[in-house]
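Asker: this is a predicted model, with the sequence first.
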Amino acid sequence: MNFINEGLVASFAMLVIVLAEILIALFIARGGTHVPKIRKIAGLEAIEEAVGRATEMGRPITYTTGLGGIRDQYYYQTVAGLNILGHTAELAAKYGAKLLYFPYDPTIMPMAHEVMEQGYIRAGKQEAFNPENIIYLGGDQFPWAFGVLGTTYREQSAANIHMGPFWAESLILAEAGFYTGAIQVMGTANYHQIHFFVVASDYALIGEELMAAGAYLSKDPTQIGSLWGADFSKLTAIAIMLIGVILTAANVTALNDFLAL
Amino acid sequence: MSLVVKRYIPLAITFIMGFIMVIATYFLAPGTPARDATALLTATVDVLVVTAGAIGLVALLRHHLMNINKRGRFWQYSTITIIAVIIYLIIGLYGVATHEQRYMYASELFSWVYSNIYVHMDMTIFSLLAFFIASAAYRAFRLRSLEASVLLIVGSLMLLGRAPIGGVIWEGFPAIAEWLLTVPNAAGNRAITIGIAIGAISLAIRQLLGVERGYLGPER
Amino acid sequence: MPTEEKTPFDRRYIYIVLFVLISIPLLYPLNLPIPISPMSQDVWDATVALSPGDIVVHSFDFGPSTLPENEPQCSSHLFHCRELGLRVVAVAFWAAGGPLAHDIISEIYGEGYENTAAYGTEIVYIGYIPGAEVGMQTFGDSTWDAKGTDHYGTSLPDLALMQEVRSVADVTLWAEWTSGTPGEQQVIQFIQGRHQGENTDWPLVRGEHLLPIVAGSTAVSVPGMMPFYSAGQLVGILNGLAGAGEYEKLVNDVYPQYPYEQGPGLDAQSVAHILVILFVVIGNITWAISKSGGGKSS
């Protein structure tokens, strides 16, 4: 009897390697031995500009975290979106702009409430937090998307921020923002929608930039350390691919056999 | 609420559940009672989702009722929403109560509304995407730089290759589109997917260890 | 800084032109020839390779919005399965797919098929299984545990076909009709990956017996499927409306009694694609002119 389930040996080995790399980097950064520098992510820097513009124009900010909830395998994008929501709420509180958030899945409403309130508390303006600005429009893709589109038009949003998992509604939301003249900052890790965001928005977060947002915005060395560790994991993946190509070209199947275990 | 309840208990639950799921996936063989027990654990998420559905309904009604009450912007639309929600809810519950199978979709009236109203409205909204794509294409695809030009040319080749007219104009278009899909697209997709997967693991580790907890709310 | 300029004229002109030009081929079909792509041919080849009596799961994971793309894909494949004498277990992991699947199966197997002798032996429709990925995983592990009864209230153990389908190891082919999540990636992850090697009749992929999966999806999602296709995790793909039309043509050529045709839809798609290219060209020309105007407002 195998100790590890059949077919998952290589997967487990990879998980252990990735875990080790991320944890080692995380603890090195936490200990202060080496705190890596993180490159600028233009999309995240642009949020302050977007909030500032909305404040100047006296028009609201529209924010969504896509079609994600906490129950599906895209939850990590939703959580990343919520992290950025907290940052946006803090900026909105600081500048006195109105932030409208549209949750898609009711399971994230309590979390969104907490995250937004925390943002207002950090800015020292808890009293300005209005839970009525978390607007639930239904949990069905297109009714929700058109609810957001309609509100964006009616309220003439000056900033359109969408961070999380998106599907066919991505271009609908982007077009709505374009026609209200909003500054648009969007990010998703859904491969099939990234191109819409890149083409139609002013700033786009691509794939893992979204997941790095929480660490980037917190400036916490421990969290930034985990991003550094993830870079080592990527180098490991590249090394495995290169070795695989060379071995396959040389008709050596050892690596393929191991990956099939 | 104390910090223990607000912060430490949720973090402990997150860590323990994550740990159980890793153990179940890699070490508990499918079909064993222990593995079935973890499957039951994940199935309890359904209970949470159903409960949240009820919260969603209340939130939706509350938002629109308040808009009507305040005579807010376009409050008339809120009236339509509330009437539609209530009518469809009654039809669904009536279907469950009266049909022998106690199943909403088995009710003829519910199915009629679904097939003849909902389906068409949903299809209409989705088809509007074609118009948005056309206007976005007009506006956004510009020969601004080398990268933008490559994007434009590749997009045009895909458009020609994935419709019958492309093959009529030149028989090479479908083959080019197929190659673009299976070679450069698959390569880029793999790179992005690997990056996203590692980024997601990194985020999951931060959450399981309680390092990243912005989503948990204020510490007070 | 916003990087895009406003459209110099009302965008509704673009919408009107698109609407009018798409309507023409729908009313007066152009009958353009339909070339068969290798991905669609692979779906056909994987299906005809099966033996009569083999069990195929049809998973209806889409909503009404993408019905025009997904319906001809699954209808033609379901029809093909019926003609080949394959036995079908239909499921839906999308709530919206539940009633749609009933309508589509009724079109192929006949209205009231659930009351015929074939029901329970040649076809079973389990209906909507809640829980998305979790429901999918449970169904793969143990079909009876995923849902107690079929779509029509009959207990699954009471259906002869379901006595033979206790887990995904008893399935010969999985046909995934999807437009989002849960979809083909979840089937690969939570069903194919978890059950690899459990049936030695499944084809060998990188030294492991893998449940063969064919998928049909909206064209926008297909680029994301390509790594799985080239890795052999998906054996064939019907790519959007074009893929649907190609499979309908393949079916029509062998079974002229197949009642549907996709020609006009594909003609309209051809016109739409050409039109979008024209919009891009016109957009670039007007942009170039406005740029050379040296800062004059357009």
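Answerer: That came through fine. Numbers count the residues shown, from 1 in each chain, chains lettered A, B, ... in the order given.
Asker: so what pLDDT did the residue of the stretch 151-261 of chain A found nearest chain B get?
Answerer: With distances taken as Cβ to the nearest Cβ, the stretch 151-261 of chain A approaches chain B most closely at A:Glu208, which sits 3.2 Å away. From N, CA and C alone the C-beta is placed, and that goes for glycine too. Among the per-residue scores, A:Glu208 shows a pLDDT of 86.
Asker: what do you get for B:Thr124?
Answerer: The predicted local confidence for B:Thr124 comes out at a pLDDT of 89.
Asker: before we move on, back to that, next up, the contacts around the residue of the stretch 151-261 of chain A closest to chain B.
Answerer: For A:Glu208, the residues meeting the contact criterion (Cβ atoms under 8 Å, 6 or more residues apart in numbering or on different chains) are A:Ala189, A:Ala230, B:Gly195, B:Ile196, B:Ile198, B:Gly199, B:Ala200.
Asker: JSON lines for these, including neighbour count?
Answerer: Formatted as JSON lines, the entries for the contacts of A:Glu208 read as follows, by neighbours: other Cβ atoms under 10 Å in any protein chain shown:
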{"residue": "A:Ala189", "neighbour count": "28"}
{"residue": "A:Ala230", "neighbour count": "28"}
{"residue": "B:Gly195", "neighbour count": "21"}
{"residue": "B:Ile196", "neighbour count": "21"}
{"residue": "B:Ile198", "neighbour count": "24"}
{"residue": "B:Gly199", "neighbour count": "25"}
{"residue": "B:Ala200", "neighbour count": "23"}
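Asker: neighbours around residue 179, how many?
Answerer: I'll assume chain A. By the measure other Cβ atoms under 10 Å in any protein chain shown, the count of residues near A:Tyr179 is 16.
Asker: chain B was what I was after
Answerer: As a burial measure, the neighbour count of B:Trp179 was computed by other Cβ under 10 Å and equals 13.
Asker: before we move on, back to that, in CSV, list the contacts of A:Glu208 along with pLDDT.
Answerer: CSV is the format used below for the contacts of A:Glu208 (pLDDT from 0 to 100):
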residue, pLDDT
A:Ala189, 92
A:Ala230, 92
B:Gly195, 90
B:Ile196, 88
B:Ile198, 91
B:Gly199, 88
B:Ala200, 87
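Asker: which residue is the nearest non-sequential neighbour of the residue of the stretch 151-261 of chain A closest to chain B?
Answerer: Residue nearest to A:Glu208 in three dimensions, not counting chain neighbours: B:Gly199, with 3.2 Å by Cβ to Cβ, 6 or more residues apart in numbering or on different chains.
Asker: quick one: the residue of the stretch 51-200 of chain C found nearest chain B from A:Ala200, how far?
Answerer: Here the stretch 51-200 of chain C gets closest to chain B at one residue, C:Ser65, 3.4 Å apart by Cβ to the nearest Cβ. C:Ser65 sits at a distance of 20 Å from A:Ala200 (criterion: Cβ to Cβ, to the nearest Å).
Asker: same thing with A:Thr236?
Answerer: A:Thr236 sits 35 Å away from A:Ala200, going by Cβ to Cβ.
Asker: where does C:Val88 sit: helix, strand or coil?
Answerer: Here C:Val88 is recorded as strand under DSSP: H, G, I helix; E, B strand; the rest coil.
Asker: number of residues surrounding it?
Answerer: The number of residues packed near C:Val88 is 22, by other Cβ under 10 Å.
Asker: how about the nearest residue to it, chain neighbours excluded?
Answerer: C:Ile123 (4.8 Å).
Asker: okay, and the beta partners of the one you found?
Answerer: In this structure, C:Ile123 has beta-bridge partners C:Val88, C:Tyr119, where bridges are defined by DSSP bridges.
Asker: so for it, what's the pLDDT?
Answerer: The confidence metric pLDDT takes the value 97 at C:Ile123.
Asker: thinking again about what came up before, which one of C:Ser65 and A:Ala200 is surrounded by more residues?
Answerer: In terms of neighbours (other Cβ under 10 Å), C:Ser65 is the more surrounded of C:Ser65 and A:Ala200; the figures are 26 against 23.
Asker: do you have the helices of the stretch 151-261 of chain A handy? List them.
Answerer: Secondary structure of the stretch 151-261 of chain A (DSSP state H, counting those that start in this stretch): helices at A:170-179, A:191-200, A:208-211, A:213-218, A:221-249, A:254-259.
Asker: just confirm yes or no for the last one near chain C.
Answerer: If I follow you right, that is helix A:254-259. Yes: with Cβ under 8 Å from any Cβ of the partner chain as the measure, helix A:254-259 is seen reaching chain C through A:Asn256, A:Asp257, A:Leu259.
Asker: low pLDDT regions in the chain?
Answerer: With no chain named, the answer covers chain A. A:1 (pLDDT under 70).
Asker: think we crossed wires, I meant chain B
Answerer: Applying pLDDT under 70 to the predicted model, the residue ranges of chain B that meet it are B:1, B:100-106, B:214-220.
Asker: could you break chain A into its assigned domains?
Answerer: Taking automatic domain parsing as the domain assignment, the record places the domains of chain A at A:9-37+A:221-259, A:42-211.
Asker: need the winner for burial among those.
Answerer: Here the criterion is mean neighbour count by mean count of other Cβ atoms under 10 Å in any protein chain shown, and of the domains of chain A the winner is domain A:42-211, at a mean of 22.
Asker: thinking again about what came up before, can you verify the residue of the stretch 51-200 of chain C closest to chain B is assigned to a strand?
Answerer: No: applying three-state DSSP, one finds C:Ser65 to be helix, outside a strand.
Asker: once you drop chain neighbours, what's closest to it?
Answerer: Residue nearest to C:Ser65 in three dimensions, not counting chain neighbours: B:Phe126, with 3.4 Å by Cβ to Cβ, 6+ apart.
Asker: how about A:Ala174?
Answerer: Computed as Cβ to Cβ, 6+ apart, the closest residue to A:Ala174 that is not its neighbour in sequence is A:Ala200, at 3.7 Å.
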